[in-house]
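Enquirer: I need the structure of the sequence given here:
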Amino acid sequence: MNVAIITGASSGMGRDFAKHIAELNGVDEVWLLARREDLLKEIASEIKKPCRIIGVDLSERLSFAKIAEILSVEKPQIAWLVNSAGYGLIGRFDILSGKNQSGVVDVNCTALTEMIEICLPYMRKGSQIINMSSASAFLPQPEFSVYAASKSYVLSLSRALRSELRKQGINVLAVCPGPVDTEFFKTAEAGDTKMKSYKKLFMIKSQKVVTGSLRAAAKNKAVYVPSFKIKLLRFGTKILPHGLLIKIMYG
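Expert: Sure, this is the predicted structure:
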């Protein structure tokens, strides 16, 4: 049985990944992972292929034992692993200290790493790993510091794993969009600090990110940057000192 496993599948890009991957050949069953089981049941009803709902909180380490147990019993071949779960908090680090900044690292970094580790034994030649990074990975971001740092980790890990897994025929793709039009910012802007207004110029639709990511994965790309504006930003971070860019963008 060939399965696709999507974390953060209850909303946003995870939800869209689930719908689009379910339409691909070579996928017999879609495993939907997220905290909100009611929303997972809703999306499962919209997918024509069989779905397995796995209600887990990826900030809790016991969740990975549960997933590993299911894998050991079912012994599927994992065709797709999409690490879409993640969140961030906007604001000064010292002001956000009571809002569990370490939780951002737990979900964005630790959970992603754990998912890859427990899924790799069930992956074969042609399997795909898609890790949701961010344009934030290209440049340190004051007032978004932990999130940006976590996404730098995702990008670096993805590129290293891609090299390590090449001989096994397993592709690893890091996706680096700018702001995406999802409910992400409802959590990110929970404090008094809001997203910088100029970032709205880079806003992109979830569907575009997802369909472009699947095309990039099919071409065995290493990194996918969904928009021309973000590609320009990435180029700028390669040729200009980060200290200068931070001063220009954040004062």
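Enquirer: Which residue is the nearest non-sequential neighbour of residue 158?
Expert: Using C-beta to C-beta, 6 or more residues apart in numbering and skipping the chain neighbours, the partner closest in space to residue 158 is residue 174 (3.7 Å). To be clear about C-beta, it is placed using only N, CA and C from the backbone, and glycine gets the same treatment.
Enquirer: so after the longest helix belonging to the chain, what's the next helix or strand?
Expert: Counting residues, the longest helix found in the chain (DSSP state H) is helix 145-165. For helix 145-165, the following helix or strand on the C-terminal side (DSSP states H and E) is strand 171-175.
Enquirer: what angle do that next one and helix 145-165 make?
Expert: 160 degrees (axes from the mean of the first three to the mean of the last three C-alpha atoms, to 10 degrees).
Enquirer: Quick one: neighbours of the closest residue to residue 147 other than its chain neighbours, just the number.
Expert: Closest residue to residue 147 apart from its sequence neighbours, by C-beta to C-beta, 6+ apart: residue 88 at 3.1 Å. Per other C-beta atoms under 10 Å, the neighbour tally for residue 88 reads 23.
Enquirer: Is residue 88 in a helix, a strand, or coil?
Expert: Using DSSP: H, G, I helix; E, B strand; the rest coil, the structure places residue 88 in coil.
Enquirer: what do you get for residue 129?
Expert: Taking three-state DSSP, the label given to residue 129 is strand.
Enquirer: Tell me where the model's unsure across the chain.
Expert: Residue ranges of the chain with pLDDT under 70: 97-99, 182-202, 251.
Enquirer: just so I have it, where are all the strands in it?
Expert: Taking DSSP state E as the criterion, the chain contains strands spanning 2-7, 29-34, 51-55, 77-83, 128-132, 171-175, 223-224.
Enquirer: a markdown table for the ones you listed, including distance to residue 204?
Expert: A markdown table is the format used below for these (distance: least, C-beta to C-beta, whole Å):
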| stretch | distance to residue 204 |
| --- | --- |
| strand 2-7 | 20 |
| strand 29-34 | 22 |
| strand 51-55 | 27 |
| strand 77-83 | 18 |
| strand 128-132 | 13 |
| strand 171-175 | 11 |
| strand 223-224 | 12 |
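Enquirer: Quick check: buried residues in stretch 52-72?
Expert: 52, 53, 54, 55, 56, 57, 58, 59, 63, 64, 67, 71 (16 or more other C-beta atoms under 10 Å).
Enquirer: quick one, helices of the stretch 151-251 of the chain?
Expert: In the stretch 151-251 of the chain, the helices defined using DSSP state H, counting those that start in this stretch lie at 184-188, 206-218, 228-239, 242-250.
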